[in-house]
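> I'd like to go over a predicted model; first the sequence, then the structure.
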Amino acid sequence: MRVVSSLADIDFGIGRIARAGRNLVIESSSESTIATRVTVTPRDALKAIGALLTSPSVWLFVLTLPFAVSAGRSQVAGDSWAERRRRTGLNKPW
């Protein structure tokens, strides 16, 4: 998945998922552009599930997922993180 903000342009792959007390901890995979750890609290999870279940966009996404996966395989390989970074200028402090 890709995370884009005014501060960063990150390719985030889900790696290890574990519990830490009551929270869920998701660590990025080795293919991610930066090592990242996401902590999800029970309250965060309930809010996310509620938002997902009530969003028509999510249901449409899920229904079209099989077609999107097959279409995504023909995507151009030139969309690498380094190329996007050079093109957009994100993650550069100067």
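Structure received.
> C-alpha from now on. contacts and neighbour counts both.
Will do.
> separation between P56 and L63?
11 Å (C-alpha to C-alpha, to the nearest Å).
> Check S32 too.
27 Å.
> of these two, who's got more company?
More crowded of S32 and L63, by other C-alpha atoms under 10 Å: S32, with 18 against 11.
> Find the helix or strand that the more buried one is a member of.
Here S32 sits in a region with no helix or strand, counting by DSSP states H and E.
> contact partners of the longest helix anywhere in the chain?
As assigned by DSSP state H, the longest helix anywhere in the chain is helix 56-72. Helix 56-72 is contacted by residues L52, L53 when judged by C-alpha atoms under 8 Å, 6 or more residues apart in numbering.
> then it to CSV, C-alphas only?
What follows is helix 56-72, C-alpha atoms only, in CSV (Å, rounded to 0.1, in the frame of the first residue of the first chain):
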residue,chain,number,x,y,z
PRO,A,56,-20.2,2.4,-0.2
SER,A,57,-16.8,2.9,-1.7
VAL,A,58,-15.4,0.0,0.4
TRP,A,59,-18.1,-2.3,-0.7
LEU,A,60,-17.6,-1.4,-4.4
PHE,A,61,-13.8,-1.8,-3.9
VAL,A,62,-14.3,-5.3,-2.4
LEU,A,63,-16.7,-6.3,-5.2
THR,A,64,-14.3,-5.2,-7.9
LEU,A,65,-11.2,-6.6,-6.2
PRO,A,66,-10.8,-9.7,-8.3
PHE,A,67,-10.8,-7.6,-11.5
ALA,A,68,-8.5,-5.0,-10.0
VAL,A,69,-5.9,-7.6,-9.0
SER,A,70,-5.7,-9.1,-12.5
ALA,A,71,-5.6,-5.6,-14.1
GLY,A,72,-2.8,-4.5,-11.7
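> Now do it: distance to the chain's middle.
Centroid displacement of helix 56-72 relative to its chain, using C-alpha atoms, centre = their mean, to the nearest Å, is 16 Å.
> tell me the mean pLDDT over that helix?
Averaging pLDDT along helix 56-72 gives 87.
> so how far is stretch 16-34 off the chain centroid?
Centroid separation for stretch 16-34 versus its chain: 12 Å, with C-alpha atoms, centre = their mean.
> Thank you kindly, that will do.
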